[in-house]
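Q: Build me a structure from this.
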Amino acid sequence: MQRELGVVTPPLFREQVLLYSGGLDSFIAAYAAPAAKLLYINTRASYSEKELHYLPDHAPRAVTIDTRLDLSAQERDDAIVPARNLLLVTLASHYGQEVLLAATAGDQSTDKDRPFADMTSELLSHIYSGKHFPDARGVVINLPFKDSTKAEMVRWYLNAGYDPVVLCETVSCYHPTIKHCGRCKACLRKWIALEYNGCDTTSWDKHPREADWEDILRKIHTMQGWRHPREDKQTLKVLA
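A: Predicted coordinates for the structure are as follows:
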């Protein structure tokens, strides 16, 4: 599996499945991995209805919707569900042997990093190697865009000649309102990626430009930073 952003070619005899939310990252990943099945898992999150509202008309191809997982009781106030991606990739392994997770360089969750992908690949491959799965070929969890920021993914999408207007209609927001709230960190990161590439036409409830991001700016200027160093530089350029 290639690490750099570009078309993702599936290995021989291995079915690919992309965990698809309809957000900016998975939307671009669907174009970069044209052979992958698109799988949306409805976890009954506070923002699931918003995702489902946009899903039918804004996907590049058919999306399979899995409704078996209800994590609503485990969702924290910040929209985080502990071990969420472990559960998602396990369900995704029912649909294909290679699971693609559209994690980016700026994602800091430990269930979106390479150690997670490597260990989960080993665990699921071990599970599927038993007597009950004689034809199993092992499971691989891949993060093909982990070296790219959101803005770099947007740049690839635009350079490939795809429609920027459709890209801006993707939903990346944790607020239950139908429009992008323009105040959550997910909205900020989407706006930065689009504005950095000069293509933002998102329908914001409140435009991110008008929000107070002083806490984010302070984090960027610390030794630890906020996200990935390149994403921090892109954020500073847009917010300047």
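
Q: hey, let's count contacts and neighbours off CA atoms from now on
A: Fine.

Q: I'd guessed residue 121 sits against residue 143; true?
A: No - the pair residue 121 / residue 143 is not scored as a contact, 11.5 Å apart, by C-alpha atoms under 8 Å.

Q: biggest helix in this structure by residues?
A: helix 114-127 (DSSP state H).

Q: Who are the packing partners of that one?
A: Contact partners of helix 114-127 among helices and strands, from 3 or more C-alpha pairs under 8 Å, 6 or more residues apart in numbering; DSSP states H and E: strand 140-142.

Q: following the strand it packs on, which helix or strand comes up?
A: Counting by DSSP states H and E, the element after strand 140-142 in chain order, helix or strand, is helix 150-159.

Q: Identify each buried residue in that next one, please.
A: Counting neighbours by 16 or more other C-alpha atoms under 10 Å, one finds that the buried residues in helix 150-159 are 150-158.

Q: Specify the next element, helix or strand, located C-terminal of that helix.
A: Helices and strands here follow DSSP H and E; after helix 150-159, the next one along the chain is helix 164-168.

Q: to the chain's geometric centre, what's the distance from that following helix?
A: Here the centre of helix 164-168 is set off from its chain's centre by 16 Å, with C-alpha atoms, centre = their mean, to the nearest Å.

Q: next structured bit after that helix?
A: Next along the chain after helix 164-168, taking DSSP H and E as the criterion, comes helix 185-196.

Q: Would you mind getting the angle between that next one and helix 150-159?
A: For helix 185-196 against helix 150-159, the angle between stretch directions is 50 degrees (axes from the mean of the first three to the mean of the last three C-alpha atoms, to 10 degrees).

Q: From the contact counts, what lies against helix 185-196?
A: Contacts of helix 185-196 with other secondary structure elements, assessed using 3+ C-alpha pairs under 8 Å, 6+ apart, are made with helix 150-159, helix 229-239.

Q: nearest to residue 213, of the ones you listed?
A: Smallest distance to residue 213 across the helices and strands packed on helix 185-196 (C-alpha to C-alpha): 8.6 Å, for helix 229-239.

Q: Helix, strand, or coil at residue 99?
A: Here residue 99 is strand, with the state taken from DSSP: H, G, I helix; E, B strand; the rest coil.

Q: Please give me every residue in contact with it.
A: With contact set as C-alpha atoms under 8 Å, 6 or more residues apart in numbering, residue 99 has these partners: 16-19, 89, 92-93, 139-142.

Q: Also residue 89?
A: By C-alpha under 8 Å, 6+ apart, residue 89 lies in contact with 19, 99, 141.

Q: Let me know the closest of the residues you listed to residue 203.
A: Proximity of the contacts of residue 89 to residue 203 (C-alpha to C-alpha) peaks at residue 19, which lies at 24.7 Å.

Q: Excluding chain neighbours, what is closest to the closest one?
A: residue 39 (5.1 Å; C-alpha to C-alpha, 6 or more residues apart in numbering).

Q: now swap in residue 158 and tell me
A: Of all residues beyond its chain neighbours, the one nearest residue 158 is residue 164 (6.7 Å), with distances taken as C-alpha to C-alpha, 6+ apart.

Q: Is it correct that that neighbour is in contact with residue 198?
A: No - contact criterion C-alpha under 8 Å: residue 164 and residue 198 do not qualify, at 9.8 Å.

Q: Between the two, point out the one with more neighbours.
A: Comparing residue 164 with residue 198 by neighbour count (other C-alpha atoms under 10 Å), the higher total belongs to residue 164, at 17 against 12.
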